[in-house]
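>>> fold the following and give me the result.
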Amino acid sequence: MSWLARHGESWATMNILLIYPEFPDTFWSFRYALEFVGKRAAHPPLGLLTVASMLPKDWSLRLVDTNVCGLRKRDLDWADGAFVSAMAVQRESARQIIGRCREAGLLIVAGGPLFTSEHAQFDGVDHFVLNEAELTLPGFLADLAQGRARRVYASDQFADLHQTPSPKWDLLDLRRYASMSIQFCRGCPFNCDFCTVTALLGHRVRMKTSRQIIAELDGLYALGWREEVFFVDDNFIGNKEFLKTDLLPTLIAWRKGKRGITFYTEASINLAEDEPLMEMMVEAGFNRVFVGIETPDENCLTECRKLQNRNRDLLADVKRMQRIGLEVQGGFIVGFDHDHPSIFQRQIDFIQTSGIATAMVGLLQAPPGTRLYERLKKEGRLRGESSGDNVDGTTNFLPTMDADVLRQGYRRILEHIYAPEHYYQRLRTYLHNCKPSKVRGRIRLSDLYAYVRALWQLGIVGRERFHYWRLLLWAQFLHPRLLHKAVTLAIYGYHFRKMCDRHVA
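Okay, the predicted model is just below:
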């Protein structure tokens, strides 16, 4: 018997909660940095907002992002059903939320990366809508209306993003977020063996049209958004030709007469080969990019099939992007089979010399669905599930390096790169090399609040106060246009040190 039949409800008039589980404190949560600007979360739940636009128009919807507000009893009492989306790092919060929804007697529908990989572990969910919602959600909704919905909806196909609707921005309280998110493309042409992107989304890069992207930006702009927008694509430059001839020229034209909004994204290191593309990105408003550098060791790059990073001067690539006007945020990994104890100092040297302030260093993990996971499973080396937080100091497999040596070496990297002396030295290296952005965001009230709080927290009571004042004076006299960036990165460093202290402990 269907849920609708059991409860006597009409599918056409349902009250639905869209619930996003809480993130634990992680490197990317920016929890301690967000306190400086009075925000509750770095990014909104883009997947749920997009799903919301695909649901029946007669349904009443409420978004509960538990990163910015609690799940209240009155929300549960109001609702007929709950749609839950989560990533692996949100696993424990998702379990708690599903338990509360079950106790409240709600229809529970779950999707997203966590459930696509681990749906068999969640008995309390009524229906799983897995993979890409553009493909699996319509079938579920049709069956639900007929009272015959199955438990699992999945697909091995990939969606046409031209059919993807704009996110339902009006469900958000924009004031709670430091950044908004939009998605231009899915898929990545590369094949890194530890990465879940291609396992979930494939190698073929699928793109929205420029008209779709502008419609999403117009929607945010109409609601008063004037701050950062994160292009969440796993590899923004998967189709360089389309970027150069279509999207970037469109974004450049759209930004004329508009102030405040800037962009950032993720891309592979081969972006550094294409100076005209980088120049266009900067002109369009992009000011930073996350790059998976992983390791300076060629053997490890071969091992993990990070072939796009091999046989190139990674340090020169980073410097080139910085000089164009793109701040590089870098991902680094230790724990490869080919790693030797010397890798820890090599990673430290690379990070310090490059001037990468936001350096995410993690122990290698093997997420389900990846080539790495399957290899280690065959070798009998898996030890539990991946935490989903690749900078929490854990790994879910038996490494070839002595485990104590690996843990101590990892701890040494974190203690070094986020010690105030070395972190602030790295900031000066970056600021000296970087080109001030042509497109500058406006100074907001939250910025002024952040400056005042930083003055107290970093400049007076913080253990980094000597380094903080030295950085401000250095920037003011030698690079005054970069003073705002200097304060921002100093605040980031405060968050990173908090997280480092927790993981080291």
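
>>> so which elements touch the helix or strand hosting residue 248?
Assigned by DSSP states H and E, residue 248 belongs to helix 248-255. Using 3 or more Cβ pairs under 8 Å, 6 or more residues apart in numbering; DSSP states H and E, the elements in contact with helix 248-255 are helix 210-222, helix 275-284. Bear in mind the C-beta positions are built from the backbone N, C-alpha and C, glycine included.

>>> kindly calculate the angle that the first one makes with helix 248-255.
By that I understand helix 210-222. On the basis of axes from the mean of the first three to the mean of the last three Cα atoms, to 10 degrees, helix 210-222 is oriented at 30 degrees to helix 248-255.

>>> helices or strands up against helix 210-222?
Counting by 3+ Cβ pairs under 8 Å, 6+ apart, the packing neighbours recorded for helix 210-222 are strand 179-182, helix 248-255.

>>> list the contacts of that helix.
With contact meaning Cβ atoms under 8 Å, 6 or more residues apart in numbering, helix 210-222 is reached by 161-162, 164, 166-167, 169, 180, 182, 184, 229, 246-247, 250-251, 254, 258, 261.

>>> where does the stretch 51-200 of the chain dip in pLDDT?
Scanning the stretch 51-200 of the chain for pLDDT under 70 picks out nothing.

>>> show me where it has its helices.
With DSSP state H, counting those that start in this stretch as the criterion, the stretch 51-200 of the chain has helices at 73-78, 91-103, 113-118, 133-145, 197-201.

>>> circling back: could you dump the helices and strands packed on helix 248-255 into a markdown table with distance to residue 388, mean neighbour count and mean pLDDT added?
Supplementary listing: those in a markdown table, determined by distance: least, Cβ to Cβ, whole Å; neighbours: other Cβ atoms under 10 Å; pLDDT from 0 to 100:
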| stretch | distance to residue 388 | mean neighbour count | mean pLDDT |
| --- | --- | --- | --- |
| helix 210-222 | 27 | 17 | 97 |
| helix 275-284 | 29 | 18 | 97 |
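
>>> can you redo these as CSV with distance to residue 422?
CSV is the format used below for those (distance: least, Cβ to Cβ, whole Å):
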stretch, distance to residue 422
helix 210-222, 38
helix 275-284, 28
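
>>> where does pLDDT dip in the stretch 201-350 of the chain?
Checking the stretch 201-350 of the chain against pLDDT under 70 turns up nothing.

>>> buried stuff in stretch 111-122?
By 16 or more other Cβ atoms under 10 Å, the buried positions in stretch 111-122 come out as 111-117, 119, 122.

>>> can you tell me what sits against it?
Contacts for stretch 111-122 (Cβ under 8 Å, 6+ apart): 47, 51, 83-88, 90-91, 94-95, 98, 110, 125, 128-131, 133, 136-137, 152, 154, 196, 200, 367-369, 385, 388.

>>> change it to 7 Å
47, 85-88, 90-91, 94, 98, 110, 128-131, 133, 152, 196, 200, 368-369 (Cβ atoms under 7 Å, 6 or more residues apart in numbering).

>>> what packs against the longest helix anywhere in the chain?
When the chain is scanned for its longest helix (criterion: DSSP state H), the result is helix 483-504. Helix 483-504 sits against helix 31-37, helix 403-417, helix 420-433, helix 445-457, helix 465-478, with contacts defined as 3 or more Cβ pairs under 7 Å, 6 or more residues apart in numbering; DSSP states H and E.

>>> rerun at 6 Å
Taking 3 or more Cβ pairs under 6 Å, 6 or more residues apart in numbering; DSSP states H and E as contact, the helices and strands that helix 483-504 lies on are helix 31-37, helix 403-417, helix 465-478.

>>> so which of those is the most packed in?
Of all those, helix 31-37 carries the top mean neighbour count, a mean of 20, counting by mean count of other Cβ atoms under 10 Å.

>>> what's the mean pLDDT across that helix?
If you average the pLDDT over helix 31-37, you get 95.

>>> hmm, back to that, dump the helices and strands packed on helix 483-504 to JSON lines, plus distance to residue 377.
Shown next, in JSON lines, are the helices and strands packed on helix 483-504 (distance: least, Cβ to Cβ, whole Å):
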{"stretch": "helix 31-37", "distance to residue 377": "34"}
{"stretch": "helix 403-417", "distance to residue 377": "19"}
{"stretch": "helix 465-478", "distance to residue 377": "46"}
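
>>> and residue 432, which of these is closest to it?
helix 465-478 (7.9 Å; Cβ to Cβ).

>>> output the contacting helices and strands for the closest one.
Using 3+ Cβ pairs under 6 Å, 6+ apart: helix 465-478 touches helix 420-433, helix 483-504.

>>> on that earlier part again, among the contacts of stretch 111-122, which ones are buried?
Here, 16+ other Cβ under 10 Å leaves 47, 85-88, 90-91, 94, 98, 110, 128-131, 133, 196, 200, 368-369 buried among those.

>>> now, the residues you listed that are in strands?
By the criterion of DSSP state E, membership of these in strands covers 85, 110, 128-129.

>>> quick one: the helices in the stretch 251-400 of the chain?
Using DSSP H, counting those that start in this stretch, the helices assigned to the stretch 251-400 of the chain run over residues 275-284, 298-303, 314-324, 343-354, 371-378.

>>> what packs against the fourth one?
The criterion is 3+ Cβ pairs under 6 Å, 6+ apart, and the helices and strands that helix 343-354 contacts are helix 403-417.

>>> do the first one as well
Packed against helix 275-284, as judged by 3+ Cβ pairs under 6 Å, 6+ apart, are the following elements: helix 248-255.
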